[in-house]
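Participant: A structural model of the following input is requested.
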Amino acid sequence: MIRSIYFERYKKVLIAVCLLVIGICTFTAILQNNQWKSVYNDPELKTQYDAIPDEHNYYDEKQMNSVPYKSYKDFRDATLFFYGSFSLEDSGPNLKTMAKVENYSNKIPYSPKFGGIFIRIALLFVVPLAGFLLFFIDQKTGFNQFLFSLGISRKELFKKKITYVALPFLLSILIGQSLYALLIHSLIPAYYMNATLGQLFTSVISNFCLLFFMFSSSAFIGSMVGNSLFGSLTWAVYWWLMIIFPASLYRFGNILHTAKLIPKNQFPETLFVYFVGKMGGFWWVNLLFVFLSLLFAFWAYKKYQTLSLENDNAYLLHKESRWPIWTIMTLFTSFILNTYFFDSWSYFLQKRLYEHSADSISGPIFSNILITLVVGCICLLIVFYREITLSLSIRLNKLNHRTE
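Facilitator: The predicted structure follows:
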């Protein structure tokens, strides 16, 4: 019975979203191939090179400097090789290293040179949004009331939703990503496709693990929040912070390296595989994403069994989870603010290193503490808003009675 109910409610939307995911992957491959062909057939490419040949450079590892291409052929080949590097440490891609398929390093952040960045990361928005709406929509449309009235255990309801709705959607992601890898590897000529099929499918796994984590964490948020406005804003802020989080982590690594607390490349720019390509990521990061995904799913599963419809419009549907949620919100947000937006440590260390400044270390410490306290207070107000306003209302009423 549950299967038929879920199928009737979700079949059209589920089919549409699955086709959207596969369509995004297919369209990305076609778009990138068309852009590559456009450059390959561009008659202006040689004209541009001949006009200013000395200004077209590549990074030479032996000279450790950017040098001009030796010929137009080298320049053209370097332009048409499908994958380059966007590492912040190099002056430019090394021609010989990037040209050979077998040359691969998990420290180098490879990226395709063709296709807009927005189409490549489209799944980073679609997949988490689908995860958030998985439980949030049922809560806000009253569908949960209908499900709970059927007399079926909530454990069964949760498991069946995952089985009949979430799993087919996640499977469509794998299908779309695999289709993209096969298409792009076959469409681009072998000479210019400087990635093996094995490298592409390794990237499929790493990218899927990241998307799986964002889907599960978003589904967790959707299962925990009740207020339509602030619940949606919570997910939007989380998604925005999650997109920034990798850059914050890399900056944190740079801070530790500058302070000589860790050796170089402990936080390489390849930990997060945003899209399928030559960059394969790390197996331990994938396991961490899967573990955290299952942890969020289990947390949502346990709380779903005690969900009370009386708290329908509350910010958090489960009062006993307020302090853990507040802790996660505060630590996650303050970490990004302290390392990305208000990076006082980098400024402090650079002044000490290059200007031999004698500034006190208390400055960045105070800045971090202040930001964390402000974030903690804001999160406290959000999570405990109903309790805080109720307490203030009672105190005001007592104060009014005393004055009367």
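Participant: From now on I want contacts and neighbour counts done on CA atoms only, so please keep to that.
Facilitator: Noted.
Participant: Would you map the helices across the stretch 51-200 of the chain?
Facilitator: 72-80, 95-99, 117-120, 123-140, 143-148, 154-161, 167-187, 197-224 (DSSP state H, counting those that start in this stretch).
Participant: Pick the most buried one from the ones you listed.
Facilitator: helix 197-224 (a mean of 24; mean count of other C-alpha atoms under 10 Å).
Participant: now it and helix 167-187, what's the angle there?
Facilitator: Here helix 197-224 runs at 150 degrees with respect to helix 167-187, directions being taken by axes from the mean of the first three to the mean of the last three C-alpha atoms, to 10 degrees.
Participant: Check which helices and strands helix 197-224 is in contact with.
Facilitator: helix 123-140, helix 167-187, helix 228-258, helix 283-304 (3 or more C-alpha pairs under 8 Å, 6 or more residues apart in numbering; DSSP states H and E).
Participant: of all these, which lies closest to residue 360?
Facilitator: Taking C-alpha to C-alpha, helix 228-258 is the member of the helices and strands packed on helix 197-224 nearest to residue 360, at 16.8 Å.
Participant: circling back: go through the helices and strands packed on helix 197-224 and find the least confident stretch.
Facilitator: The minimum mean pLDDT among the helices and strands packed on helix 197-224 belongs to helix 228-258 (a mean of 91).
Participant: Please point out which parts of that helix sit buried.
Facilitator: For helix 228-258, a neighbour-count test (16 or more other C-alpha atoms under 10 Å) marks 228, 230-232, 234-236, 238-239, 241-242, 245-258 as buried.
Participant: Could you do stretch 291-304 as well?
Facilitator: 292-297, 300-301, 303-304.
Participant: quick one: what helix or strand has residue 352 in it?
Facilitator: Per DSSP states H and E, residue 352 falls inside helix 344-354.
Participant: between the helix or strand just after that helix and helix 228-258, how many degrees?
Facilitator: Using DSSP H and E, the helix or strand that follows helix 344-354 towards the C-terminus is helix 362-383. Relative orientation of helix 362-383 and helix 228-258, computed by the same axes, to 10 degrees: 160 degrees.
Participant: what is the mean pLDDT for helix 362-383?
Facilitator: Mean predicted lDDT for helix 362-383 stands at 92.
Participant: in that helix, what's buried?
Facilitator: So for helix 362-383, counting by 16+ other C-alpha under 10 Å, buried means 364, 367-368, 371-372, 375-376, 378-380, 382-383.
Participant: re earlier: which strands or helices does the helix holding residue 352 pack on?
Facilitator: Against helix 344-354 (3+ C-alpha pairs under 8 Å, 6+ apart) you get helix 228-258, helix 362-383.
Participant: looking at those helices, which is closest to residue 275?
Facilitator: Across those, residue 275 has its closest neighbour in helix 228-258 (12.8 Å, C-alpha to C-alpha).
Participant: list the helices and strands the closest one packs on?
Facilitator: helix 123-140, helix 197-224, helix 322-336, helix 344-354.
Participant: Residue 272 belongs to a strand?
Facilitator: No: with DSSP: H, G, I helix; E, B strand; the rest coil as the criterion, residue 272 is assigned coil and is not in a strand.
Participant: quick one: it from residue 243, how far?
Facilitator: Note on residue 272: its distance to residue 243, by C-alpha to C-alpha, to the nearest Å, is 10 Å.
Participant: does residue 144 really touch residue 136, like I thought?
Facilitator: No: applying C-alpha atoms under 8 Å, one finds residue 144 not in contact with residue 136, separated by 9.9 Å.
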